[in-house]
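Trainee: What would the 3D arrangement of this be:
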Amino acid sequence: MPGLAAGHLFLHCPNCDKAPATAYIDAMGKWYVIVPLMAVLAAALWFAGSAWVEFAGDIPLYGYFAIIGGVFFSLLIGGGLMALAFYSDRAGYDDMQGGEGRKEPRQSP
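Mentor: Residues are numbered from 1 along each chain as shown. Prediction:
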């Protein structure tokens, strides 16, 4: 965008109906989530790597196959359960029996 200063990139929102300050806050709000999550990911990877080097020792070949198989089947089961949850929701199995309205809590006698 010619004619704009470097600091005005977030403030210029031609398709926004929001005020420029609100558009800037919305644009920066995602960075307040992304940066800490990336820091946590980096710390977790560092910890996993250092723990692996420190405590792994000599793992035989079948140990690596066991680790790979465990990770694979864990991801397979987790993905399958999530797929079933989405299918159940889409197919209407999660709907209430007998109507669309909210279920009222039972009153104790």
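
Trainee: Show me what the helix or strand hosting residue 48 is packed up against.
Mentor: Residue 48 is part of helix 31-55, with elements assigned from DSSP states H and E. Helices and strands in packing contact with helix 31-55 are not found; criterion 3 or more CB pairs under 8 Å, 6 or more residues apart in numbering; DSSP states H and E. Every residue, glycine included, has its C-beta placed from N, CA and C.

Trainee: Give the rounded mean pLDDT of the lengthiest helix in the chain.
Mentor: Longest helix in the chain by number of residues, with DSSP state H as the criterion: helix 61-91. In this model, helix 61-91 has a mean pLDDT of 93.

Trainee: Same question for stretch 26-45.
Mentor: Computed over stretch 26-45, the average pLDDT equals 89.

Trainee: what about dumping the CA coordinates of that stretch to PDB?
Mentor: The C-alpha trace of stretch 26-45 is given here as PDB (Å, rounded to 0.1, in the frame of the first residue of the first chain):
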ATOM      1  CA  ASP A  26      -7.900  -7.300  17.000                       C
ATOM      2  CA  ALA A  27      -4.800  -7.800  14.900                       C
ATOM      3  CA  MET A  28      -2.400  -7.700  17.800                       C
ATOM      4  CA  GLY A  29      -4.700  -9.900  20.000                       C
ATOM      5  CA  LYS A  30      -3.800 -13.000  18.100                       C
ATOM      6  CA  TRP A  31      -0.100 -12.400  18.800                       C
ATOM      7  CA  TYR A  32      -0.800 -12.300  22.500                       C
ATOM      8  CA  VAL A  33      -2.000 -15.900  22.100                       C
ATOM      9  CA  ILE A  34       0.500 -17.200  19.400                       C
ATOM     10  CA  VAL A  35       3.700 -16.000  21.000                       C
ATOM     11  CA  PRO A  36       3.200 -17.600  24.500                       C
ATOM     12  CA  LEU A  37       1.900 -20.900  22.900                       C
ATOM     13  CA  MET A  38       5.100 -21.000  20.700                       C
ATOM     14  CA  ALA A  39       7.200 -20.400  23.800                       C
ATOM     15  CA  VAL A  40       5.500 -23.200  25.600                       C
ATOM     16  CA  LEU A  41       6.000 -25.500  22.600                       C
ATOM     17  CA  ALA A  42       9.700 -24.600  22.400                       C
ATOM     18  CA  ALA A  43      10.100 -25.300  26.100                       C
ATOM     19  CA  ALA A  44       8.300 -28.600  25.800                       C
ATOM     20  CA  LEU A  45      10.500 -29.700  22.900                       C
END
